[in-house]
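Enquirer: Here is the input, now give the coordinates:
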Amino acid sequence: MTRIGDGNLLMAQAHVAHDCQLGSEIIMANAATLAGHVEIADRASIGAYSGVHQFCRVGLEAFIGGYSVVVKDALPFAIIQGNHAKCYGMNRLGMKRRGYSKATTEKLNHAFHLLLSSKLNTSQAVERIREEISDSNEVNILVEFIETSKRGVVK
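Expert: Modelled structure (predicted):
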């Protein structure tokens, strides 16, 4: 069963395939395409002419740039773009627009630094994040998303 939450904007020719689960306040720009069994968390944005591979997840407040091809799980609070998509860090502008505190954005920024810019593999980065940043709900969402990924995450 496909389920679509409240307050979403699906622009012209957006496609939601079978068995997808969409949260609320999602934006899918023109011709954005979801294959079957895709999960999109609240307030994510999928750019025009982007495709999300079957069984992938797009995390809370993730931003996927136009013309992207997403074949792994897209991290929450991240900017994801390209063919094949890569993560370009935290979606700072989106977080600012939604009123996240400076402390929260600093903690998430540090977590993204450990994930993307350090010489740690994903497991090592998650361990360091748990050690260094344990008091942030948003960081905990990011870590849980990574730990529950079945396809791997876009880095």
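Enquirer: Quick one: residues contacting I129.
Expert: Contacts were defined as CB atoms under 8 Å, 6 or more residues apart in numbering; by that measure I129 touches 111, 114-115, 139, 142-143. For the C-beta atoms, the positions are set from N, CA and C on the backbone; glycine is no exception.
Enquirer: quick one: the residue in the chain sticking out farthest from the centre and Q124, what's the gap?
Expert: Computed with CA atoms, centre = their mean, the maximum C-alpha offset from the centroid of the chain is found at E131, amounting to 22.8 Å. Distance of E131 to Q124, computed by CB to CB, to the nearest Å: 11 Å.
Enquirer: Tell me which stretches of this structure form strands.
Expert: 3-4, 9-10, 15-16, 21-22, 27-28, 33-34, 39-40, 45-46, 51-52, 57-58, 63-64, 69-70, 78-82, 85-90 (DSSP state E).
Enquirer: any idea which of the contacts of I129 is closest to A62?
Expert: Lowest distance from A62 to these (CB to CB) belongs to L142, with 10.5 Å.
Enquirer: and the residue lying closest to the closest one once chain neighbours are set aside, how many neighbours does it have?
Expert: Excluding the flanking residues, the one nearest L142 by CB to CB, 6 or more residues apart in numbering is P76, at 5.4 Å. P76 has 27 neighbours, counted by other CB atoms under 10 Å.
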